[in-house]
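Enquirer: next input, structure requested:
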Amino acid sequence: MAETNVTMEKIVALAKQRGFVYPGSAIYGGLANSWDFGPLGAQMRMNIKTDWWKRFVESRPDMVGLDGAILMNPRVWEASGHVAGFSDPLVEDVKTHKRYRADHLIEEATGESVDGWSLDQIAGKLKELELKSPEGNALTEPKAFNLMFETAIGKTEESKANVYLRPETAQAIFVNFKHVLDSTRKRIPFGIAQIGKAFRNEITPGNFIFRTLEFEQMEIEYFIEEEGWEAHIEKWADDMEAWAESIGIDGDRLHRLEVPEESLAHYSKRTIDFEFAFPFGTKELWGLAYRTDFDLGNHQEHSGENLRYVDPNDNTRKIVPHVVEPSMGVDRTLLAVLLSAYDEEEVNGDKRVVMRFKPHMAPYQIAVLPLSKKEELQAGARPVFEALAPHWRVDYDETQSIGKRYRRQDEIGTPYCVTVDFDSLEDKAVTIRDRDTMEQVRVPIAELERWFAEKLSI
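Expert: The predicted model follows:
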C-alpha cells in the first residue's frame, strides 16, 4: 500500500465543506447511510459515468448500451435466485436490538473468511467463539435476511402486487438479451452495458459512501462462447486496471484478489475482486465474474422464451451464450478517486491541501478569477469565462482574496486558475496558475483556447 496521510475523517470533512457529498436529509436529522451529492460530487459522478461509457461502449464496435427499468416482474428475481438466496446472516443484540452481520463478527474475531458457510455453520462458530455484540450483550440465533427492498404497486389496497427495487442492474440486460440481439444484429462476442441505480437493504451499511442502501452501478454483460472464456476474463481484467489508472485511481493501492472457490457466488465459476486499500481496510472496489450460462439458462427455463443464440455460420448450431461480467460502482469509484487524489504539503509554513485529480475527472478544469470585485476587472473577466465555458468546465469566483481563492481551487482540484488583473486591461493577457506546481505564466487572452486545448486534451 502506498503511504498516504489521508483519513476518512479528512475526506468526509472536505467533501461536506466543499460540496462533494452531504449527509442525506440533514435538516431533519438525517437518514442513516444516505448521502446526497453536492455540486462538485454530482459533476464528478457524471465525469466518471461519461468516461466509462465513452471507453467501454462508444469506443468499441462490440458494445451497445441499455437503460432498463428499476421495477421488474417479480418472476425475474425468482429466476435469478435472488428471492431464495440473496441474503446475509443476521444476528441481533438482545438488549439494544441493533442488527449485525454474523459473518462479519466472526471474520473480525478470527481474521478468517466464512464466505459460503451455511447458517448452521455460522451458528456453530458463534457458539464456539462465544461471541457477543460490540456492546457486550448476547446475540440471537443467526437467520437469513433478504437484501431486496420490497414495495407494492396498484391503485387500491386489494389490487396491490408486491414488487422489488432491483438489487442489481444485470438482470435487465439478461431479460432483454433477445431484443438487443434481434434489433442490433450483433454477433458474439459482444456486450451490453448499463448504468443505473440499485438498492440493497444492507444490515450494516457504512464507511461513508462505500456501502449504502442505494447506489449506482456501471455493469457490462459480455456474451461469449464457453470455449476461450479464460482469455476474455483476463482481457477484461487488464482493461479495468487500465481504466483505473486513466481516471486517477492509485495503482499502488489497487490489486487483484482471486476469490476462492468456496466463496464464489452461486452463479460464478470464477471471480476476480479488484480491492482498494481504503483507510478503513482493504475492501472490494470492483468485481469481474464469469457467470457461465447461468442467467440466460435460468431465464429461458422460467420464462419459456427461446434465448438461444444461432450461429450465423451454422444455422443448426444454437447455444445459450456464457457471460463475463465487469461490474463497477459509481460511488465506490468516486471514493477511490477522492482518496487517491488527496494530498497535503507545506507551503511557506502553511499546510496546503490539494486534490490532484486527473484534469478530465476534476469538477472544474479551469477557474476564472478577477483579481478583485472592481467593475472593470469583472468586465474583463466575464468574456474570458464565456469564451472558455463552451469547451471546458469552468468556475467563476470573485469572492475573498486571490490567495484564498487559489487555496479553495486547490482543495476542489481545479487544474488551472486564470487571473484577470489590472495589467490584463492594458496588455490583453492573463496569468495562468498551475495547481500542481503553483507556477504562473502569462498568456494572451486571444491564445487561451489553443493553450488549454493542448493542456487539457486526454
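
Enquirer: longest helix in this protein, by number of residues?
Expert: Secondary structure of the chain per DSSP state H: the longest helix is helix 229-246.

Enquirer: show me what that helix is in contact with.
Expert: If you take CB atoms under 8 Å, 6 or more residues apart in numbering as the criterion, helix 229-246 is touched by 51-52, 55-56, 189, 222, 224, 251, 254, 256, 270, 272, 274, 286, 288, 290, 322, 324, 326, 328, 336, 358. The way it works is simple: take the backbone N, C-alpha and C, and place the C-beta from them, glycine included.

Enquirer: care to break this structure down by domain?
Expert: For the chain, automatic domain parsing gives the domain ranges 8-81+150-340, 87-146, 364-455.

Enquirer: reformat those as a markdown table; add distance to residue 347.
Expert: Shown next, in a markdown table, are the domains of the chain (distance: least, CB to CB, whole Å):
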| stretch | distance to residue 347 |
| --- | --- |
| domain 8-81+150-340 | 18 |
| domain 87-146 | 41 |
| domain 364-455 | 7 |
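
Enquirer: ok, back up a step: and the contacts of helix 229-246, which of them are in strands?
Expert: 222, 224, 254, 256, 270, 272, 274, 286, 288, 290, 322, 324, 326, 328 (DSSP state E).

Enquirer: what is the lowest-mean-pLDDT helix or strand in the chain packed up against?
Expert: Within the chain, no helix or strand scores below helix 82-85, which has a mean of 82 by mean pLDDT, DSSP states H and E. For helix 82-85, the packing partners by 3 or more CB pairs under 8 Å, 6 or more residues apart in numbering; DSSP states H and E come out as helix 74-80.

Enquirer: distance from the helix it packs on to the middle of the chain?
Expert: On the basis of CA atoms, centre = their mean, to the nearest Å, helix 74-80 sits 25 Å off its chain's mean C-alpha point.

Enquirer: check which helices and strands it is in contact with.
Expert: Short answer (3+ CB pairs under 8 Å, 6+ apart): helix 74-80 packs on helix 82-85, strand 161-164, helix 170-175, helix 294-303.

Enquirer: repeat that with 7 Å
Expert: Here helix 74-80 touches strand 161-164, helix 170-175, helix 294-303, going by 3 or more CB pairs under 7 Å, 6 or more residues apart in numbering; DSSP states H and E.

Enquirer: how about that helix: buried residues?
Expert: 74, 76, 77, 79, 80 (16 or more other CB atoms under 10 Å).

Enquirer: cool, stretch 178-196 as well?
Expert: Neighbour-count burial for stretch 178-196 [16+ other CB under 10 Å]: 178, 180-181, 186, 188-196.

Enquirer: what does stretch 127-137 give?
Expert: Quick answer for stretch 127-137 (16+ other CB under 10 Å): 131, 133.

Enquirer: can you name the residues in contact with the least confident helix or strand of the chain?
Expert: Helix 82-85 is contacted from outside by 77, 148, 167, 266, using CB atoms under 7 Å, 6 or more residues apart in numbering.

Enquirer: then that helix to PDB, C-alphas only?
Expert: Written as PDB, here are the backbone C-alpha positions of helix 82-85 (Å, rounded to 0.1, in the frame of the first residue of the first chain):
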ATOM      1  CA  HIS A  82     -32.500 -13.500  -5.600                       C
ATOM      2  CA  VAL A  83     -35.800 -14.300  -3.900                       C
ATOM      3  CA  ALA A  84     -34.500 -17.600  -2.400                       C
ATOM      4  CA  GLY A  85     -30.800 -16.900  -1.900                       C
END
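
Enquirer: quick one: it to chain centroid distance?
Expert: With CA atoms, centre = their mean, you get 25 Å for helix 82-85.

Enquirer: next structured bit after it?
Expert: Next helix or strand after helix 82-85 toward the C-terminus (DSSP states H and E): strand 87-92.

Enquirer: average model confidence for that following strand?
Expert: For strand 87-92, the mean pLDDT works out to 89.

Enquirer: for residue 434, what are phi and psi?
Expert: Dihedral pair for residue 434: phi -90, psi 130, per degrees, to the nearest 10.

Enquirer: what lies in contact with stretch 109-120?
Expert: For stretch 109-120, the surrounding residues in contact (CB under 7 Å, 6+ apart) are 89, 103, 106, 107, 122, 125, 129, 131, 142, 144, 262, 263.

Enquirer: count of neighbours near the first one?
Expert: Yep, that's residue 89 we're talking about. Residues lying near residue 89 (other CB atoms under 10 Å) number 25.

Enquirer: now for it: which residues touch it?
Expert: Here residue 89 is in contact with 101, 102, 103, 119, 122, 142, 144 (CB under 7 Å, 6+ apart).

Enquirer: which one of those is nearest to residue 332?
Expert: Checking those against residue 332 by CB to CB gives residue 101 as the nearest, at 18.4 Å.

Enquirer: now do the contacts for that closest one.
Expert: 88, 89, 90, 203, 204.

Enquirer: quickly note the distance from it to residue 13.
Expert: Residue 101 is 28 Å from residue 13, where distance means CB to CB, to the nearest Å.

Enquirer: likewise residue 339?
Expert: Using CB to CB, residue 339 is found at 14 Å from residue 13.

Enquirer: determine which two of the buried residues of helix 74-80 are furthest apart.
Expert: Farthest pair in the buried residues of helix 74-80 (CB to CB) is 74 and 80. Separation: 10.7 Å.

Enquirer: leaving out chain neighbours, which residue sits closest to the spatially most central residue of the chain?
Expert: Note on the chain: the residue nearest the mean C-alpha position is residue 330, at 1.8 Å, using CA atoms, centre = their mean. Using CB to CB, 6 or more residues apart in numbering and skipping the chain neighbours, the partner closest in space to residue 330 is residue 216 (4.1 Å).

Enquirer: which strand or helix spans that neighbour?
Expert: Counting by DSSP H and E, residue 216 is found in strand 214-224.

Enquirer: OK, contacts around residue 347?
Expert: Taking CB under 7 Å, 6+ apart, we find residue 347 in contact with no residue.

Enquirer: need phi/psi at it.
Expert: Per-residue torsions, residue 347: phi -130, psi 110 (degrees, to the nearest 10).

Enquirer: tell me the pLDDT at it?
Expert: Looking at residue 347, its pLDDT is 90.

Enquirer: ditto for residue 313
Expert: pLDDT for residue 313: 87.

Enquirer: over to residue 411?
Expert: In this model, residue 411 carries a pLDDT of 97.

Enquirer: now swap in residue 438 and tell me
Expert: The pLDDT attached to residue 438 in the predicted structure is 96.
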